[in-house]
Every structure is written in structure tokens, then in C-alpha cells.
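Trainee: turn this into a model:
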Amino acid sequence: MSLFSRNTDGLPRMKGLSIRRSRVISVLDVGSDKIACIIGRLRPRLASEILPGRTHTVEVLGVGHHRSRGIKSGVVVDLEAAERSIRSAVEAAERMAGLTVETLIVSVTAGRLRSTRGRGAVELNRQAVTDANVRFAQSLAARAPLEPSRIALHSIPNDLALDGEGGLENPRGMVGDVLTADLHILSAEETPLRNLEAAINRAHLIVEGFVATPYASALATLVEDEAAMGSACIDMGAGSTTIAIFQNGRFVYADQIAIGGSHITMDLARGLSIGTEHAERLKVMHGSTLAELLEDGESVSVAPLGEETSGGTVAVARSLVAKIIKPRVEETFEVIRDRLAASGLGHVIGKRVVLTGGASQLAGLPETARAIMQRNVRLGRPLGVSGLKASNKSPAFATAVGLLIYPQVAAEEYVAGGGAMSFAFDESTRAGRFGAWLKRSF
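Mentor: Predicted coordinates:
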């Protein structure tokens with residue numbers, strides 16, 4: 001039985017997991033620096049061990065990654081090169097797991113992610129709230145207008161209110177006059193999604209569902225209390241940086257900026273007149289944002305541009321490297337600070353910020369983030385899965401691990417265009433209750 005479908009907009013959507021069945025899933029994190037594929041087995045938890053949004057345990061079976069080619073800031077710029085990179089990453093994971101991959105849950109950074117709020121209200125006339133009322137209110141909320149070139153990637157219920165009293169977890173059976181539903185609609189430009197799907201299809205693979213990178217990263221790095229109390233997760237990738245805000249355990253806002261780790265690499269390459277590969281190595285091994293803590297006597301050897309093969313090197317002070325890096329990092333966090341303020345959810349976040357992503361591992365970066373954003377900042381590593389090697393437990397794999405977690409929360413999303421079968425699960429009827437029992441059980 002297929003565990004994914006296509007919505008009325010043609011976008012693949014993943015269905016919810018059965019809480020009684022194990023399942024092997026494969027995920028693909030498409031980044032500008034690397035493409036990572038992970039194969040994992042999801043096993044149902046015991047009823048006493050189920051946590052919010054965690055109905056299964058996740059065991060990693062295989063991991064593969066490859067240098068990203070044909071991808072820039074999550075956008076496919078060369079279809080053939082992207083296909084080869086995807087194929088190589090998937091084949092490496094298949095060899096490790098001893099399994100063949102057919103479908104993938106895929107991360108999305110491209111498409112200029114944008115959050116919209118939708119609201120729908122249903123007149124009850126002092127009648128008890130039913131499942132049908134809730135779904136109808138959500139369907140009205142999902143009609144929030146989007147630009148013609150954009151498509152809804154996620155539609156996540158945020159709040160239900162009865163006669164203005166919000167924060168209702170389950171209003172079914174309650175009596176009131178007006179039921180209001182709020183949705184967080186995260187949209188993306190359609191063309192980059194279609195091209196990414198085309199690159200994956202060329203590798204003879206099928207997209208099971210798209211998941212926004214900030215959502216996936218937050219699922220992997222935020223602990224339950226952080227998601228419930230309100231926190232921001234900042235994923236610093238090579239080509240861009242994404243922001244996710246959680247409130248009351250729900251994904252309520254996302255944004256992105258077109259600045260990432262590759263921009264720091266280019267600053268070093270230009271500032272020191274060295275090749276980009278040498279600049280990347282220099283950033284990773286000797287880079288820091290804290291120039292004032294480095295002694296001027298400390299230096300590293302680099303090969304000037306055009307002399308990489310001749311063996312000639314020059315000594316560069318580590319403090320100079322830090323002075324080149326620091327302005328770009330400060331600019332990044334100043335933009336993030338302004339975006340968080342513009343979101344109108346600064347009070348929700350409070351002082352809680354989690355940094356993750358490959359570019360977040362730069363020495364001194366959390367300290368610089370704290371100073372600029374005036375918030376408590378911690379480095380977030382992927383949590384909630386077993387079987388990951390130590391080398392894959394870094395922030396660089398947060399999105400991929402979050403994709404493994406996502407199927408457990410996929411059923412919480414509102415999906416439009418359920419068609420005739422949507423009535424088979426209407427629990428206000430006898431047939432619907434039977435259909436809903438079948439869905440939950442199998």
C-alpha cells in the first residue's frame with residue numbers, strides 16, 4: 001500500500017505512519033556543499049514510551065554522502081550533475097544498509113520559503129464540535145491566498161479556538177457558537193521544487209514527500225521543553241541560513257537568508273588570494289570568529305592562488321583569518337536578529353536559540369551569536385535516533401536526521417484535496433469511525 005500521495009497541486013505528500021507497524025524509510029538532504037542519504041528503520045514504541053510526536057524509535061541502517069554538484073543554495077542549476085551526486089549518495093547508503101532505495105523524503109531549502117497565516121471560522125450555533133467541523137475550519141484556513149508561482153509545502157494546525165478562547169488541544173464535543181482554526185502555511189516557489197524532483201526522478205527514484213529544511217533541522221535538534229516553551233532553530237548551511245520557530249510544540253514560522261558558510265569561504269579566498277578549496281580547509285581547521293583571543297604570533301601556511309602545484313606557501317596570521325571571517329558572521333547574525341524581530345514572535349522565542357548545520361561548527365560562532373542576538377545560544381546536534389556513527393552526529397547531519405523523524409508528525413498536517421476517500425475517515429459517521437480505526441491500525 002502506498003504511503004504517499006499527490007495533493008491537488010501535484011506535490012507529493014507523505015501519509016501518516018501506522019502506530020503498529022515498522023517501516024524502512026530513506027531520506028535525502030540536498031545541500032549546496034553535500035548531498036546526504038540515510039536509510040532508517042522506524043519501529044513502533046510501546047504505548048508507555050510514546051512521546052509527543054515520537055511514536056516510533058529510529059534506527060539508522062545506512063548513510064551515504066557525496067560532494068554536491070549542480071546544486072546552488074538548494075536550487076538545481078545543472079540537472080545532470082545533480083543527478084550524478086544524488087545517485088552516488090544513495091548508492092553509498094544502499095551498500096551500507098544492504099537495501100535498495102525506491103522512494104525518498106527530500107529536504108527543501110530552495111524556493112524562497114515564506115510563512116503565511118491562514119484562519120478559518122465555522123458557525124456552530126451552540127452545537128457540539130465534531131471532527132467534520134474542525135476539518136472544515138482548517139480547509140477554510142488553508143485557502144489563504146498565495147502568489148500564483150508559489151505552492152504550499154506545509155500546512156500545520158497552530159491553534160483551535162471556541163468563541164475566542166484559544167489554546168484548545170481537543171475541542172471535539174465542546175459546545176459553542178464559533179470554531180476558529182489557525183494554520184501555519186509554509187510556501188515555496190514551485191519551479192525549484194519541480195526541478196529538484198526531476199533530478200531525483202532521473203536517478204530512477206521517487207519523491208515520497210518534501211520537507212522544509214528548517215522544519216527538519218528543528219525536529220532533530222530541539223528537545224521537547226524547547227519546542228513547548230518556544231525556541232528558534234537556526235540552520236547554517238553552505239549556501240543559505242534558515243530559521244524555524246516553534247511554539248507550544250508546533251512549527252509556527254520559517255524564514256531564510258541567502259548567506260551561508262560558502263560566503264565565508266569566498267571571503268577568505270578573496271582576502272588571501274587563495275583557491276576556494278584551500279580557503280575551505282583553512283576555515284574548517286584554523287578559522288574562528290574571535291580574533292581578539294588569538295595571538296599574532298600564531299600563523300598557518302597557505303598556498304597563494306596560481307602556486308598550488310609549485311609547493312610555494314606563505315605564512316598567514318590566524319588573527320588575520322579571524323578578522324576576515326568575523327564581519328561576515330556578524331552580518332549574518334545581525335540579519336537573523338532583524339528577521340526574528342520582524343516575525344513578531346520574539347516574545348515566543350524568549351532567550352532560547354539553537355544553532356545547527358555544517359557552518360555552525362566554526363570556532364567561536366556561538367559566542368558571537370550570543371553577543372549580537374542577546375540570547376542564550378547552544379549548538380544543536382541531531383537527537384532521537386540510534387545507529388549513527390560518531391562522524392555523522394555533527395550539526396551537519398541535523399536536517400537528514402530530522403527527515404527520519406518527520407514521518408511521525410506528517411499526519412498532523414492539513415492536506416487539501418483529500419477527495420472522496422477523505423469522507424471514509426469522518427468519525428462522525430459509523431462508516432467513518434470504522435475507516436478511521438483501519439487507518440490508525442494498519
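Trainee: flag the shaky bits of the stretch 51-200 of the chain, pLDDT-wise.
Mentor: Of all residues in the stretch 51-200 of the chain, those with pLDDT under 70 make up the ranges 51.
Trainee: which residues in it form strands?
Mentor: Along the stretch 51-200 of the chain, the stretches classed as strands by DSSP state E, counting those that start in this stretch are 56-67, 71-72, 75-76, 103-108, 114-128, 150-162, 175-189.
Trainee: sheet partners, orientation included, of the second one?
Mentor: When sheet partners are counted by DSSP bridges, strand 71-72 sits next to strand 75-76 (antiparallel).
Trainee: residue ranges with poor pLDDT in the stretch 251-400 of the chain?
Mentor: For the stretch 251-400 of the chain, the stretches flagged by pLDDT under 70 are 293-297, 306-311.
Trainee: deepest of the strands of the stretch 51-200 of the chain, which one?
Mentor: Using mean count of other C-beta atoms under 10 Å, the stretch among those with the greatest mean number of neighbours is strand 103-108 (a mean of 24). The C-beta positions use only the backbone N, C-alpha and C, and glycine is treated the same way.
Trainee: number of nearby residues for Ala410?
Mentor: Ala410 is flanked by 20 other residues according to other C-beta atoms under 10 Å.
Trainee: bridging residues for the spatially closest residue to it that is not a sequence neighbour?
Mentor: Across the structure, with C-beta to C-beta, 6 or more residues apart in numbering as the measure, the residue nearest Ala410 apart from its sequence neighbours is Met14 (4.6 Å). Here Met14 sits in beta bridges with Phe4, going by DSSP bridges.
Trainee: who are the contact partners of the nearest residue to Met96 once chain neighbours are set aside?
Mentor: The shortest distance from Met96 to any residue that is not its chain neighbour, by C-beta to C-beta, 6+ apart, is 3.6 Å, and that residue is Gly62. Taking C-beta atoms under 8 Å, 6 or more residues apart in numbering as the contact definition, Gly62 lies against Cys37, Ile38, Ile39, Ala92, Ala93, Glu94, Arg95, Met96, Ala97, Gly98, Leu99.
Trainee: shouldn't the fourth one be in contact with Ile38?
Mentor: No - with contacts counted by C-beta atoms under 8 Å, Ala92 stays clear of Ile38, the gap being 10.6 Å.
Trainee: between these two, what contacts are shared?
Mentor: Taking C-beta under 8 Å, 6+ apart as the contact criterion, the residues that touch both Ala92 and Ile38 are Gly62, Val63, Gly64.
Trainee: for Arg135, the count of nearby residues, please.
Mentor: So Arg135, with other C-beta under 10 Å, has 17 neighbours.
Trainee: repeat for Pro192
Mentor: Other residues within reach of Pro192 by the criterion other C-beta under 10 Å amount to 18.
Trainee: contacting residues for it?
Mentor: By C-beta under 8 Å, 6+ apart, the contact set of Pro192 is Gly74, Val75, Val76, Ala110, Gly111.
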